[in-house]
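Undergrad: Whatever this is, show me its structure:
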Amino acid sequence: FKIANSEHRGYKIPTSALVDKTLLKIPVRFLVEGEETPTIIKHTEIADEKIEISLQDMDEDYAYVLQDVAKISLHDTIKEPKEPYATLAITEIVNAKGVYLTNRGYAEFRKVEIDPDIPLTGEYVILKPEENPNIRIHDRIITKTDTISSEQKLVE
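TA: From the prediction side, this is the model:
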């Protein structure tokens with residue numbers, strides 16, 4: 001694609017598809033190992049509960065999880081699986097840009113990285129595939145996001 005007299009390769013995404021989301025920053029040692037889907041242990045006064053989470057990104061020290069107030073949110077307390085008395089109140093967040101995919105019949109948020117070296121045109125943004133492994137060439141991206149929420153069922 002050519003933007004401002006320069007050529008760029010990548011995924012051409014309408015800027016209307018971009019949404020801002022809040023991700024919870026959780027130390028990786030609080031993730032439960034051996035589960036099919038990413039899981040944490042939410043601690044409440046009544047009982048501890050395993051909660052499936054929407055893991056968006058991860059580095060050596062932290063997991064970045066999509067906040068879902070019905071399951072896990074800021075100021076909730078989680079337990080470390082290997083140290084049953086170690087707890088942590090979730091207090092750190094990160095704001096992230098992303099898109100909603102509808103490959104499976106429901107809205108699924110995917111975090112994206114926008115390269116600051118590629119100018120924004122107003123209508124489109126170019127995403128480099130190597131910096132955005134959560135996006136694939138034939139993904140169905142929702143472009144009108146004002147009425148969409150995560151995990152919203154779109155197809156019966």
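
Undergrad: Check the separation of the first and last residues in stretch 113-132.
TA: This stretch, stretch 113-132, spans 6 Å end to end (Cα to Cα, to the nearest Å).

Undergrad: quick check: mean pLDDT across it?
TA: Confidence for stretch 113-132, expressed as mean pLDDT, is 80.

Undergrad: Can you get me the centre-to-centre distance for it and its chain?
TA: 17 Å (Cα atoms, centre = their mean, to the nearest Å).

Undergrad: Repeat that for stretch 9-27.
TA: 8 Å.

Undergrad: With stretch 14-30 instead?
TA: 4 Å.

Undergrad: ditto for stretch 136-144
TA: That offset, for stretch 136-144, works out to 15 Å (Cα atoms, centre = their mean).

Undergrad: List of residues touching it?
TA: Contact with stretch 136-144 is made by 11, 13-14, 16-17, 99-103, 107, 129, 135, 148, as judged by Cβ atoms under 8 Å, 6 or more residues apart in numbering. All C-beta atoms are positioned from the backbone trio N, CA, C, and that covers glycine.

Undergrad: Swap in 10 Å and give it another go.
TA: 11, 13-19, 99-104, 107-108, 110, 112, 129, 135, 148, 152, 154 (Cβ atoms under 10 Å, 6 or more residues apart in numbering).
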